[in-house]
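> show me the folded form of this:
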Amino acid sequence: MSREKAYAKMLDASAKLQWNVAMILEAKALEAEKVRSWMLNHVTPDAFADHQDHLKATIRVHEQLVEVIDGLTKLNMGMTNVLKAALRQQEGESDGGFEGMLGGSFDLGEKQ
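Next up, the predicted model:
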């Protein structure tokens, strides 16, 4: 497999991964809205025996949100590293576009 084809496959895989992440985030947003509505109605000071229990429940929810954000950040960093590897320019190349980055013509499989 040529270098150009390998880079094209990396970029294609990255695009598919980003699409799947977008679909997951859309589902998470719907789920988060349902959770928000439920919490507004059920996680009130009246639902707990004392303030300490109320505080513990809200801290658990916030810890879960931080874990989700941390996971998304790590996933984003991984996708960024893939794109950096695919688009990294070697020193001394002055050409712009894919041709200069990949050291030759960039063929996307177009038939001539």
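> and the pLDDT for the residue nearest the centre of the chain?
The centroid of the chain falls nearest to residue 76 when counting by CA atoms, centre = their mean (3.9 Å). Note for residue 76: predicted pLDDT of 85.
> packing partners for the helix or strand harbouring it?
Using DSSP states H and E, residue 76 sits within helix 51-87. Contacts defined by 3 or more CB pairs under 8 Å, 6 or more residues apart in numbering; DSSP states H and E place helix 51-87 against helix 3-42. Backbone N, C-alpha and C define where each C-beta goes, glycine included.
> just to revisit the earlier point, separation between the residue nearest to the centre of the chain and residue 6?
23 Å (CB to CB, to the nearest Å).
> quick one: furthest residue from the center of the chain?
Farthest-from-centroid check, the chain (CA atoms, centre = their mean): residue 49, 39.6 Å.
> that one in helix, strand or coil?
Put simply, residue 49 is coil when judged by DSSP: H, G, I helix; E, B strand; the rest coil.
> count of residues packed around residue 8?
Using other CB atoms under 10 Å, residue 8 is surrounded by 19 other residues.
> can you check residue 39 too?
Neighbours of residue 39 under the rule other CB under 10 Å: 13.
> excluding its backbone neighbours, what's nearest it?
Spatial nearest neighbour of residue 39, excluding adjacent residues (CB to CB, 6 or more residues apart in numbering): residue 61 at 7.1 Å.
> okay, that neighbour: pLDDT?
For residue 61, the model assigns a pLDDT of 85.
> how about residue 45, nearest residue that isn't a chain neighbour?
Excluding its sequence neighbours, the residue lying closest to residue 45 (CB to CB, 6+ apart) is residue 54, at 5.7 Å.
> please verify my assumption that that neighbour contacts residue 46.
No: using CB atoms under 8 Å, residue 54 makes no contact with residue 46, being 9.4 Å away.
> neighbour count: those two, which is higher?
Legend: neighbour count by other CB under 10 Å for residue 54 and residue 46, higher for residue 54 (16 against 6).
> residue contacts, the more buried one?
43, 45, 47-48 (CB atoms under 8 Å, 6 or more residues apart in numbering).
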